[in-house]
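Colleague: My questions are about this predicted structure, shown below with the sequence.
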Number of protein chains: 2
Amino acid sequence: MCLGCDVVNGVVVPPGGIIYAGEYWIVNHCVSPALLRGFLIVQPKRHCEHLAELTSEEAAELGTLLQRSAAALSAVVHPMKVYVLSFGESVRHIHFWVVPRYEGIPTDGLKGLHEIVVERRWVCSDDEAARIAEQVREQFT
Amino acid sequence: MCLGCDVVNGVVVPPGGIIYAGEYWIVNHCVSPALLRGFLIVQPKRHCEHLAELTSEEAAELGTLLQRSAAALSAVVHPMKVYVLSFGESVRHIHFWVVPRYEGIPTDGLKGLHEIVVERRWVCSDDEAARIAEQVREQFT
């Protein structure tokens, strides 16, 4: 059982569905409970647990999609900065968080993450997340 | 004044010097005090503060260098997993931490980061960091 594969295969549907499918990676809103409006996930379609094991084609598309996701968020939700994080191992399928840092979220990275992920101060509704996902999708077309 | 630009321009020399220079990005060990052996930084040569502003060529090379850095670390220091993080704003020049998660570091991402960055439990000497940097450099050739 792997949450990453479940999203890829449609077993788990994140708010708004899959936003963009590249050749090797997909982009979606983080699953419910949505920790933050516009909290995106970029993950490979195939089950892969180690960055070292990515092919050069997969790696290049990763960079492209991180930039495109950040650009889409910048256009849609106007964050102060966009963070990118791939860490922790509760889900081993490689996945990158692409996180809009809004005004009001501490600029000290760990404090900001703590508010979002542990304290869950910035949670939004699935409807709100799905609305953002739709707007982000438009940026990818 | 920008630490990122200072490293790019040789004003600040990280342990072991610049490990690899691509067309748009450089890879180096984190500067002293070295928070962890093999704690690498991938940053663009030009001063750029927002991922959204990367060109498509820069973005593709970013993905390539994240994968190559992870592969080099895997070969040299044999971590359990490699994390990638670009967050916080004390240095605004875009930079990605590429962090080997060793056995003993908590797999809960925030706890692990706290040990490394705040508690500084895993600090190594500049000499040790420079030795690792040299071995990582060999993986890039």
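Modeller: Alright, I've got the coordinates.
Colleague: where do the helices sit along chain A?
Modeller: Using DSSP state H, the helices of chain A run over residues A:3-8, A:56-77, A:109-113, A:126-140.
Colleague: Out of the ones you listed, which gets nearest to residue A:47?
Modeller: Minimum separation from residue A:47 across those (Cβ to Cβ) falls at helix A:3-8, 5.4 Å. Placement of C-beta: from N, CA and C, glycine included.
Colleague: How far off centre is that closest one?
Modeller: Distance of helix A:3-8 from its chain centroid, counting by Cα atoms, centre = their mean, to the nearest Å, is 13 Å.
Colleague: what's it packed up against?
Modeller: Helices and strands touching helix A:3-8, by 3 or more Cβ pairs under 8 Å, 6 or more residues apart in numbering or on different chains; DSSP states H and E, are strand A:25-29, strand A:40-44.
Colleague: The last one versus helix A:56-77: what angle between them?
Modeller: Between the direction of strand A:40-44 and that of helix A:56-77, the angle (axes from the mean of the first three to the mean of the last three Cα atoms, to 10 degrees) works out to 170 degrees.
Colleague: tilt between strand A:40-44 and strand A:25-29?
Modeller: Using the same axes, to 10 degrees: strand A:40-44 against strand A:25-29 is 160 degrees.
Colleague: and strand A:40-44, which strands flank it?
Modeller: Strand A:40-44 has the following strand partners under DSSP bridges: strand A:25-29 (antiparallel), strand A:96-101 (antiparallel).
Colleague: With mean neighbour count, mean pLDDT and distance to residue B:28 added, can I get the helices and strands packed on helix A:3-8 in JSON lines?
Modeller: JSON lines is the format used below for those (neighbours: other Cβ atoms under 10 Å in any protein chain shown; pLDDT from 0 to 100; distance: least, Cβ to Cβ, whole Å):
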{"stretch": "strand A:25-29", "mean neighbour count": "25", "mean pLDDT": "98", "distance to residue B:28": "27"}
{"stretch": "strand A:40-44", "mean neighbour count": "25", "mean pLDDT": "98", "distance to residue B:28": "25"}
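Colleague: Which among those is found nearest to residue A:62?
Modeller: Proximity to residue A:62 (Cβ to Cβ) singles out strand A:25-29 among the helices and strands packed on helix A:3-8, at 6.2 Å.
Colleague: who's in contact with the closest one?
Modeller: If you take Cβ atoms under 8 Å, 6 or more residues apart in numbering or on different chains as the criterion, strand A:25-29 is touched by A:7-8, A:14-21, A:38-45, A:58, A:61-62, A:65, A:68-69, A:98, A:129-130, A:132-133, A:136, A:140.
Colleague: Kindly report the same for stretch A:51-64.
Modeller: So stretch A:51-64 is contacted by A:22-25, A:42, A:44, A:48, A:86, A:94, A:96, B:56, B:59-64, B:66-68, B:70-71, B:73-74, B:82, B:84 (Cβ under 8 Å, 6+ apart).
Colleague: how distant is it from the center of its chain?
Modeller: Distance, centroid of stretch A:51-64 to centroid of chain: 17 Å (Cα atoms, centre = their mean).
Colleague: For chain A, spot the helix or strand the model is least confident about on average.
Modeller: Least confident helix or strand, chain A: helix A:109-113 with a mean of 93, by mean pLDDT, DSSP states H and E.
Colleague: List the buried residues for it?
Modeller: Going by neighbour count (16 or more other Cβ atoms under 10 Å in any protein chain shown), the buried part of helix A:109-113 is A:109, A:112-113.
Colleague: Also stretch A:97-105?
Modeller: A:97-102, A:105.
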